[in-house]
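In: Build me a model:
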Amino acid sequence: MTTQQPAAPIVDRAVAERLLASRAEGDYFPSWMAGTIDLDQALQLQVAVLDDEVSRGLRLGGWKVGLTSEASRQKLGADERPFGFVRSERVLESGTSVSSNDVAGLSIETEMCFTIGSDINDASITPDRVLDHVASVSAGFELNEARTGTAEPDFFSMVTDCLTNWGIVHGAPSTVTDAATLSATEITMSRNGEDVFRGTSSDFVDDHTISLCRLVGQLARHGFMLRAGQRVITGAFARMPTSPGDHWIGEFSGIGTVEAHII
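Out: Numbers count the residues shown, from 1 in each chain. Below is the predicted model:
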């Protein structure tokens, strides 16, 4: 059982079934849905997608947190942190090779990746306590896919589609210290030996403990909790397009490195 039934369903089941039918035909952003849903409805539709895929054998590997920068929230005009689910088979180890033929419009982001050590069933958990439930942190990449539809996707449509997530790549686990140290992490991203990004975590994304807490609260509203063993990525420091032959390396000070090959 992947979800608990939300207390007050906010989208008709027929709408969810219609979206699932559109997706089965390769239309991830159907024109009939454009401009008709808000964030809560988009998240509930994403849950319907997840439940459908679990019924066909998918295993849930973790989550991504969206809108973890002030600039992105200002663009949306809302203080929200939507989630996106990550498939277990697409939680990949550093050094993996990913085929461009398998992922449409593949792009790559440097992100911090947390491994949950114990279940978090308290939706009101605070930043000073959330790291007690985190087993480790790793240098990470998010792999994004530019899926298509009959309409140009708006933000809410992309939420139904896991915020473009295809998968994640994680480096070796490192000990989690404290929020301030995580925010002070310096990140370097290189492509084929050439640096393409360098920056400090706090200049690009929120305090990671706050993002984790907001994720816990948002998941609870839709019938989920963070489970031991799940991976969580907490926002992009940089996003880059990719091409076959690219060798990407992310270096995170005090945490480690992550590598991915695009073939």
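
In: So for stretch 203-218, mean pLDDT?
Out: For stretch 203-218, mean pLDDT is 97.

In: From the chain's centroid, how far away is that stretch?
Out: Distance of stretch 203-218 from its chain centroid, counting by C-alpha atoms, centre = their mean, to the nearest Å, is 12 Å.

In: can you check stretch 213-225 too?
Out: Put simply, stretch 213-225 sits 14 Å off its chain's centre (C-alpha atoms, centre = their mean).

In: Mind listing what's buried along that stretch?
Out: Cys213, Arg214, Leu215, Val216, Gln218, Leu219, Ala220, His222, Gly223, Phe224 (16 or more other C-beta atoms under 10 Å). In short, each C-beta sits where N, CA and C put it, glycine included.

In: Among these, which ones are in helices?
Out: Using DSSP state H, the members of the buried residues of stretch 213-225 that fall in helices are Cys213, Arg214, Leu215, Val216, Gln218, Leu219, Ala220.

In: Looking at the protein, which helix is longest?
Out: Per DSSP H, the chain has its longest helix at helix 39-55.

In: Using CSV, list the CA coordinates for that helix.
Out: Provided in CSV are the C-alpha atoms of helix 39-55 (Å, rounded to 0.1, in the frame of the first residue of the first chain):
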residue,chain,number,x,y,z
LEU,A,39,-0.7,22.8,-6.8
ASP,A,40,-2.6,20.5,-4.4
GLN,A,41,-4.5,19.0,-7.3
ALA,A,42,-1.3,18.5,-9.3
LEU,A,43,0.3,16.7,-6.3
GLN,A,44,-2.7,14.5,-6.0
LEU,A,45,-2.5,13.6,-9.7
GLN,A,46,1.2,12.8,-9.2
VAL,A,47,0.1,10.4,-6.4
ALA,A,48,-2.3,8.8,-8.8
VAL,A,49,0.5,8.3,-11.3
LEU,A,50,2.7,6.8,-8.6
ASP,A,51,0.0,4.4,-7.4
ASP,A,52,-0.6,3.3,-11.0
GLU,A,53,3.1,2.7,-11.6
VAL,A,54,3.4,0.8,-8.3
SER,A,55,0.5,-1.4,-9.3
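
In: Let's test this: mean pLDDT of that helix, rounded?
Out: For helix 39-55, the per-residue pLDDT averages 95.

In: Now that helix: buried residues?
Out: For helix 39-55, a neighbour-count test (16+ other C-beta under 10 Å) marks 39-54 as buried.

In: same deal with stretch 26-34?
Out: Residues of stretch 26-34 classed as buried: Asp27, Tyr28, Phe29, Pro30, Met33, Ala34 (neighbour count, 16+ other C-beta under 10 Å).

In: Centre of the chain to that stretch, how far?
Out: On the basis of C-alpha atoms, centre = their mean, stretch 26-34 sits 21 Å off its chain's mean C-alpha point.

In: quick one: which of the buried residues of stretch 213-225 is nearest Leu182?
Out: Of all the buried residues of stretch 213-225, Leu182 sits closest to Cys213, with 13.6 Å by C-beta to C-beta.

In: Nearest residue to the residue nearest the centre of the chain in space, please, no chain neighbours.
Out: Nearest to the geometric centre of the chain sits Lys64, at 2.2 Å (C-alpha atoms, centre = their mean). In space, and not counting its chain neighbours, Lys64 is closest to Gly84: 4.4 Å by C-beta to C-beta, 6 or more residues apart in numbering.
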